[in-house]
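**Q** Return a 3D structure for these sequence lines:
(2 chains)
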Amino acid sequence: MTTASPPEFVKRPTPVRKANRAIDERFGTQPGLRRNLNKVFPDHWSFMIGEIALYSFIVLLLTGIYLTLFFDPSNTEVIYNGSYVPLKGVEMSRAYASTLDISFDTRAGLVFRQIHHWAALIFVASIVVHLFRVFFTGAYRKPREVNWLIGVGLLILGILEGFAGYSLPDDLLSGTGLRIAASIAQSIPIIGTWASFLVFNGEFPGDNFLPRLYVIHILLVPGVLLALIGAHMGILWHQKHTDFPGPGKTEHNVVGHRVFPVFAVKSGGFFMMVFAMLALLGGLAQINPIWMFGPYDPSKVSSASQPDWYIGFLDGSTRLMPPWEFRGLGHTVPAVFWPTAVLPGILFTLLALYPFLEARFTGDTKSYNLLQRPREAPTRTALGAMSISFYLVLWISGGNDVIAKTFSISLNAMTWAGRIGLIIVPPIAYAITKKICLSLQAKDAEVEHHGIETGIIRQLSSGEFVEDHRPKPTPVPDHPQVPNDRFALPSANGHGDGEGKGLARRAGKAVSGFFVEEKETGPGGPSTPVGGGKH
Amino acid sequence: MTETSGTPSDPPPDAPSETSSDPAPREVATPVATTKRSARKRGPAARRRRRSSVLVLVFGLLATGVLWTMLAPTGNAAQTADANEAVRQGRVLYQKGCGTCHGLGGGGSTTGPSLVGVGAAAVDFQVSTGRMPLAAPAAQADRKPPVYSATQIDQLAAYVASLGGGPAASKVTDKELSDADLAHGGELYRANCAQCHNASGQGAPLTYGKFAPSLSESTPKQVIEAMRTGPESMPVFGDRQLSDEDAVAVTAFIKHMNETTSPGGFSLGKYGPVPEGLLAMLVGIGGLLAVCLWIGARQKV
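**A** Have a look, this model is predicted:
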């Protein structure tokens, strides 16, 4: 009795384990779950830009669902009798009235509207920045061309979705936008009138256009977007993420953190940060104050009517286009056709085809998992800078009236600056960028062969002055357990020596690194083991 | 300006010509009838001739008077208004500060338009918004702090009004503004003003450096006076196009736009998508990229 052994300790499974076991017993998910949670993702900050788009899309879905509860996409005319006094008794569509109600008479309606709108601007903007990252690092190269095409599709759909949302409230600004869209449709030769009639169900503004647009905005395009985002990420998961070259990194491995726990926590935290930024903007900065614009009436228009930023480049191209109208062969092709239908067609086609064009012209058909630094592909980088400068000139011209007013410049001068700039700025951007890339390559080669300039000048006994050079330090791997003899970082300015603590110290190092390419060497270095997955 | 300057000089030629042409023949007709019956000598014929020459003389004098009032109305009007102290003070101010360009008698010169017939409203608008005196010849005068005090502006306005005609300075009251139909004013604003001044009253550029100015600093008085006088590129909204009540409603709407705080937070200058896009880029995307860098820098450990 007295020698009875203590009761055996049985570890009780946690609820998560229990649930996991229950699911595994029924669907056999355990191997797949283990494999996917162990998947390794690389760490570079620029790989998180695409995540901004994903998270703002989630915020768009959440806020959008709330808005659908109160929005009424109807063209029916009503007399407003809500709480916004300056519009009381004014005749307007039910769509506009319900947007006013969301803004003034619905709990949290205005902040949801504003978060939704800011999230839309950030969604398209982050797609564009993500596109820059993918382009300038050559991440679209074989085997990832399909994901590039899906990405271009997501960009175009994102722009369409944004424009549809901008047009739904039926205020003076969005109605003006739709008016222009109808004119663009009409400008297409031969089929233009029919195309416009098809979209607007007759003459602009059609009777039941808003319900159609609503279906497009809340069902059709979001559904396609969701499916394409799924495909985009599925392909990414399957093909594995690219990474910059570095010690221990090869074409055949991925170095970074496993999905669980580090990558999941990091991404979850980043989602919170994105949500916080959108909520801050939505809560503090007023966007699209439709109550100031008034209800849409085709006979009225406000000066400085602008589209949201992602349509701005088309507005700009229209403002820069000279009024050249083609008449002949029984048809009229108005000037607006070229900058608003032909130009975006060319731009997006070139964008979609770029990976294939580059592969064809360089004859490079190999597969790549390691990225390039922009300087390593000077022509591509210069082409990118050229395209961006072309886009920027159009974009700035889209707001040229606001700029002219704000800075007291003649509007005519702005228009001519845009016309001339559109022709001369891109080639200049190309030449300068290419020169910079080549110079950076030369600098890299110099560091490789002669070492790093120390800034220490010595006078020899012969009277000659020489500068001390220090040999390039071997790059320190981000992850110490990964063999690092496979690849050497081409630049001396490696990162992650792991000793910088605190913002001031890191900032100081960055500034000193800018002036003198000399790095303090100390002990430190990476200490915590991290996952190095092999695939 | 030409329209308004035409109206004050129009009535004088009409009125005297009626009196000179209509009653005179009647006066002539009655004596002729009586003389025919009373005497048939040569005397009456000579008398008739004498009388008709008197009539010619009277007509000539009247015509001279009419022509004089038509051709030289300024001297007359200024003389009659001289008694008015405000006008006298205004004339002194005018001759010091305005006469160089607008002419010593307000008749205009090669550098400035005539002020005859522009009225007190135009003076009050131009001077109280600081547009006059002009800082420099440019595509368009811009608002700046006024040079003259309110009293001086009234005196200048009184003097220019004494040169003849034109709309009077607005006397809109706060009560009228608060009683006005805001929604009706908003509809009129969107129909008539928004295409240049922007839906939220922020203004916009016109061609070649001209612009529709922002309305955010305009007082109700200035808004009404601008509508009535049509300064710079702005069309005149006379009281036949826009009743006084409607003008006050539009003004009340503009006042409301200027004074209401933005319900959605920081208004970004009420310019709509352009500053919104800029904020999305600089703060939104810029801030999130900074967060990316921050996370990327921290996970190297």
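
**Q** Show the average pLDDT along the longest strand anywhere in chain A.
**A** Looking across chain A with DSSP state E, the single longest strand is strand A:452-459. Averaged over strand A:452-459, pLDDT sits at 88.

**Q** and what of stretch B:50-58?
**A** Across stretch B:50-58, pLDDT averages out at 84.

**Q** again, but for stretch B:69-77
**A** Rounded mean pLDDT across stretch B:69-77 is 60.

**Q** Report the distance from the next helix or strand after the longest strand of chain A to the chain centre.
**A** As assigned by DSSP states H and E, the chain's next helix or strand after strand A:452-459 is strand A:465-470. Using C-alpha atoms, centre = their mean, to the nearest Å, the mean C-alpha position of strand A:465-470 is found 45 Å from that of the whole chain.

**Q** partner strands of strand A:465-470, parallel or antiparallel?
**A** strand A:452-459 (antiparallel) (DSSP bridges).

**Q** Just the CA trace of the partner strand, in CSV.
**A** Extracted C-alpha coordinates of strand A:452-459, given in CSV (Å, rounded to 0.1, in the frame of the first residue of the first chain):
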residue,chain,number,x,y,z
ILE,A,452,37.1,48.9,-50.9
GLU,A,453,38.3,52.5,-50.6
THR,A,454,39.0,53.3,-47.0
GLY,A,455,39.3,57.1,-47.4
ILE,A,456,42.7,56.9,-45.7
ILE,A,457,45.3,58.8,-47.8
ARG,A,458,49.0,58.0,-47.2
GLN,A,459,52.0,59.9,-48.5
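
**Q** Quick one: name the residues of the stretch 51-200 of chain B near chain A.
**A** For the stretch 51-200 of chain B, the residues in contact with chain A (C-beta under 8 Å from any C-beta of the partner chain) are B:139, B:142, B:182-183, B:185-187, B:190-191, B:194-200. C-beta: built from backbone N, CA, C; applies to glycine.

**Q** Grab the two from those that are most spread out in space.
**A** Maximum pairwise distance among those (C-beta to C-beta): 35.7 Å, between B:Ala139 and B:Ala183.

**Q** Please say which of those two ends up with more neighbours.
**A** A count of neighbours by other C-beta atoms under 10 Å in any protein chain shown puts B:Ala183 above the other of B:Ala139 and B:Ala183, at 19 against 15.

**Q** do you know how far that one is from B:Ala252?
**A** Using C-beta to C-beta, to the nearest Å, B:Ala183 is found at 10 Å from B:Ala252.

**Q** now B:Ser128
**A** B:Ser128 is 19 Å from B:Ala252, by C-beta to C-beta.

**Q** quick one, which of the two is more surrounded?
**A** Remark: of B:Ser128 and B:Ala252, B:Ala252 carries more neighbours, 25 against 21, as counted by other C-beta under 10 Å.

**Q** So which residues on the stretch 201-350 of chain A come close to chain B?
**A** Within reach of chain B by C-beta under 8 Å from any C-beta, the stretch 201-350 of chain A has these residues: A:257, A:262, A:266, A:269-270, A:273-274, A:277-278, A:281, A:283-289, A:291-294, A:297, A:299-309, A:312.

**Q** These in strands, which ones?
**A** A:His257.

**Q** Going by neighbour count, which of the residues of the stretch 201-350 of chain A next to chain B are buried?
**A** Buried by 16 or more other C-beta atoms under 10 Å in any protein chain shown: A:257, A:262, A:266, A:270, A:273-274, A:277-278, A:281, A:285-289, A:291-294, A:300-309, A:312, out of these.

**Q** before we move on, which element is the residue of the stretch 1-150 of chain B found nearest chain A in?
**A** Nearest residue of the stretch 1-150 of chain B to chain A, counting by C-beta to the nearest C-beta: B:Ala139, 7.4 Å away. Counting by DSSP H and E, no helix or strand carries B:Ala139.

**Q** Assign a three-state SS to the residue lying closest to A:Ile235 once chain neighbours are set aside, would you?
**A** The shortest distance from A:Ile235 to any non-neighbouring residue, by C-beta to C-beta, 6 or more residues apart in numbering or on different chains, is to A:Asn147 (4.8 Å). Three-state call for A:Asn147 (DSSP: H, G, I helix; E, B strand; the rest coil): helix.

**Q** those helices in the stretch 201-301 of chain B, which residues are they?
**A** Along the stretch 201-301 of chain B, counting by DSSP state H, counting those that start in this stretch, helices occupy B:220-229, B:244-259, B:273-279, B:286-298.

**Q** For the last one, the averaged confidence score.
**A** The pLDDT scores in helix B:286-298 average 90.

**Q** burial count for residue 143?
**A** Assuming you mean chain A. The tally of other residues near A:Pro143 (other C-beta under 10 Å) stands at 12.

**Q** Wait, chain B was what I had in mind.
**A** 14.

**Q** I'd assumed B:Met132 was in contact with it.
**A** No: using C-beta atoms under 8 Å, B:Arg143 is not in contact with B:Met132, being 11.1 Å away.

**Q** For A:Phe326, what are phi and psi?
**A** Per-residue torsions, A:Phe326: phi -100, psi 130 (degrees, to the nearest 10).

**Q** Repeat that for the one 5 residues further on.
**A** Listed backbone geometry of A:His331 is phi -130, psi 160, with angles given as degrees, to the nearest 10.

**Q** In space, what's closest to it - neighbours in sequence excluded?
**A** Nearest residue to A:His331 in three dimensions, chain neighbours excluded: A:Pro189, at 5.5 Å (C-beta to C-beta, 6+ apart).

**Q** what sits against the one you found?
**A** Residues in contact with A:Pro189 (C-beta atoms under 8 Å, 6 or more residues apart in numbering or on different chains) are A:331, A:333, A:337.

**Q** And the longest helix along chain B, how far out from the chain middle?
**A** The longest helix of chain B (DSSP state H) is helix B:42-71. Remark: helix B:42-71 is offset 42 Å from the chain centroid, using C-alpha atoms, centre = their mean.

**Q** what do you get for stretch A:147-165?
**A** Offset of stretch A:147-165 from its chain centre (C-alpha atoms, centre = their mean): 11 Å.

**Q** before we move on, the earlier item: report pLDDT for the residue of the stretch 1-150 of chain B closest to chain A.
**A** pLDDT, B:Ala139: 85.
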